[in-house]
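**Student:** can you look at this prediction? I've put the sequence above it.
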Amino acid sequence: MSLVIGAGITGLVLAKREGATIIEEQANYGGLYGSEEMDNVKIPALPPLVGREKEILEIYPDADLAEIGLSLRIVDEVHLRSKVCPVCETLPSWIIPPRKSLFIRNFPEILSHLASKVKIVRGYPVRITNGTLFTNRGIYDFRTLLNTGSRQRLNRSLGLNERIDAIGCLILEVLLDRKIGDWDVYVNGKSGISFSHIIGFPDNERLYYIYSFYHKGKLPDVDRIILDLKRTRFIESRENVLSLRARYINECLLYGEKERQRPDFLRECGRLGAWENMDLNGAIRSALEC
Ligand SMILES: Cc1cc2nc3c(=O)[nH]c(=O)nc-3n(C[C@H](O)[C@H](O)[C@H](O)COP(=O)(O)OP(=O)(O)OC[C@H]3O[C@@H](n4cnc5c(N)ncnc54)[C@H](O)[C@@H]3O)c2cc1C
């Protein structure tokens with residue numbers, strides 16, 4: 001039997017392909033894109049914007065893909081890498097989305113379709129021996145272990161050491177009382193501003209995602225981001241924010257050196273398993289070829 005760790009898009013596609021059970025630590029499936037209710041509408045926790053349709057149609061031929069021409073406003077791009085991830089050699093492609101992008105309108109439906117085809121149990125690995133996975137909630141035997149969850153934490157359960165690490169990010173989803181600016185994506189590389197990205201949700205002109213990246217121990221807080229939204233004159237006061245959700249992701253941008261030698265029973269894919277800053281298409285491709 002195969003076991004998959006992680007019910008993000010990679011884990012869901014992989015488990016469906018392999019007929020495997022998934023171990024997921026969160027109550028929700030979908031990983032970074034897990035859906036949330038806001039303003040009585042189910043929206044993905046990140047805007048599902050991709051550069052090509054191939055992988056999406058491969059896993060869900062009924063995907064509703066809308067071609068959009070994004071208007072980008074980029075301030076101080078030369079300092080963006082040192083602000084977002086100074087230790088990364090390059091930034092992932094999604095850091096500046098392509099002007100010609102595809103918006104996946106029914107992404108929550110794609111995730112729930114995939115989740116309906118697989119068995120997901122709650123938990124996370126505590127210890128792994130050859131053929132047995134001990135989680136905080138149960139014990140499972142496996143022939144192959146397919147990891148799409150945190151490679152850093154899996155290493156600990158296996159007693160392995162790699163020099164890999166991550167930059168964290170705070171993602172805010174905010175519903176404002178108005179549309180701000182005449183752009184769809186605003187990127188700011190200035191170090192004095194706590195956020196780097198504001199991305200408008202294509203299907204709701206008052207809904208925005210705001211990204212702020214952080215290094216260990218230096219967590220940005222929501223009040224500071226609101227203050228900076230005022231300083232940059234996008235809002236006048238807290239009153240302009242009708243609704244807000246905050247999510248800290250510790251393993252947001254990944255870097256370091258991986259070891260080639262890994263246990264024979266283990267296959268690793270997706271962004272966290274392969275420990276690579278892949279885009280959504282890349283994650284699906286890695287699941288299809290894992
Ligand atoms: C801020 C941000 C913005 C992005 N924007 C874009 C974009 O616009 N376009 C694009 O193409 N790509 C974008 N990406 C990249 C894209 O989101 C990812 O490549 C893709 O979602 C990866 O899916 P995944 O399933 O591999 O990982 P994840 O979605 O991270 O899923 C991993 C799952 O594993 C679970 N898990 C982790 N560790 C454990 C454990 N030890 N035990 C049990 N479960 C565990 C997690 O809870 C999660 O459910 C963005 C990424 C980030 C961080």
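**Tutor:** On my side now, so go ahead.

**Student:** for stretch 211-230, C-alpha coordinates in CSV please.
**Tutor:** Taking C-alpha atoms only, stretch 211-230 is exported to CSV below (Å, rounded to 0.1, in the frame of the first residue of the first chain):
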residue,chain,number,x,y,z
TYR,A,211,1.7,39.1,1.0
SER,A,212,4.4,40.0,3.5
PHE,A,213,7.6,37.8,3.7
TYR,A,214,9.5,37.3,6.9
HIS,A,215,12.7,35.8,8.3
LYS,A,216,12.8,33.6,11.4
GLY,A,217,11.6,35.4,14.5
LYS,A,218,10.6,38.6,12.7
LEU,A,219,6.9,38.0,12.2
PRO,A,220,5.1,41.0,10.6
ASP,A,221,1.8,41.9,12.3
VAL,A,222,-1.5,42.8,10.8
ASP,A,223,-1.6,46.3,12.4
ARG,A,224,1.7,47.2,10.7
ILE,A,225,0.4,46.1,7.3
ILE,A,226,-2.8,48.2,7.8
LEU,A,227,-0.6,51.1,8.8
ASP,A,228,1.5,50.7,5.6
LEU,A,229,-1.7,50.5,3.5
LYS,A,230,-2.5,53.9,4.9
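
**Student:** helices and strands around the worst-scoring helix or strand of the chain on mean pLDDT, which ones?
**Tutor:** One helix or strand of the chain scores below all others by mean pLDDT, DSSP states H and E: strand 35-38, with a mean of 79. If contacts are counted by 3 or more C-beta pairs under 8 Å, 6 or more residues apart in numbering; DSSP states H and E, strand 35-38 sits against strand 41-44, helix 107-116, strand 163-176, strand 241-257. For every residue, glycine as well, the C-beta is placed using N, CA and C.

**Student:** distance from the last one to the middle of the chain?
**Tutor:** This means strand 241-257. 8 Å (C-alpha atoms, centre = their mean, to the nearest Å).

**Student:** and that strand, is it in reach of the ligand?
**Tutor:** Yes - shown here: strand 241-257 in contact with the ligand (C-beta under 6 Å from any ligand atom) through Cys252.

**Student:** many thanks, have a good one.
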